[in-house]
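Participant: Dropping the sequence and predicted coords here.
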Amino acid sequence: MSESEVPEFFPECENFIFAGAEFFRSAKILFSQVLSFFRSAKILFSQVLSFSGVRKFYFRKC
């Protein structure tokens, strides 16, 4: 939202609602970024675990 679209005067309640909406939008973006980070970390962790499991299995056979 550009500066020209925002009215000059906000009543206190509308200003609070606007700030709350902005906060929830940024919190939702941050939450989705954290979720995607944990998802990729979980994928990486499972790959490391499967790699070490394969290595243990391979060395046990030899």
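Facilitator: That came through, no problem. The shown structure was predicted, so the numbers you read here are calculated from the model rather than taken from an experiment.
Participant: Quick check: which element contains V54?
Facilitator: Element membership for V54, per DSSP states H and E: helix 12-61.
Participant: A19: how many residues sit nearby?
Facilitator: A19 has 11 neighbouring residues, counting by other C-beta atoms under 10 Å. No exception for glycine: its C-beta is placed from N, CA and C like everyone else's.
Participant: So for it, what's the pLDDT?
Facilitator: A19 is assigned a pLDDT of 83 by the prediction.
Participant: cool, S4 as well?
Facilitator: We have a pLDDT of 56 for S4.
Participant: Ok, the one 4 residues further on next?
Facilitator: If you check E8, the pLDDT there is 59.
Participant: Tell me how far the residue nearest to the spatial centre of the chain lies from I43.
Facilitator: Centroid check for the chain by C-alpha atoms, centre = their mean gives Q33 as the closest residue, at 1.9 Å. According to C-beta to C-beta, to the nearest Å, Q33 and I43 sit 16 Å apart.
Participant: average model confidence for stretch 39-57?
Facilitator: Mean per-residue pLDDT for stretch 39-57: 84.
Participant: neighbouring contacts of that stretch?
Facilitator: Stretch 39-57 has contacts (C-beta atoms under 8 Å, 6 or more residues apart in numbering) with no other residue.
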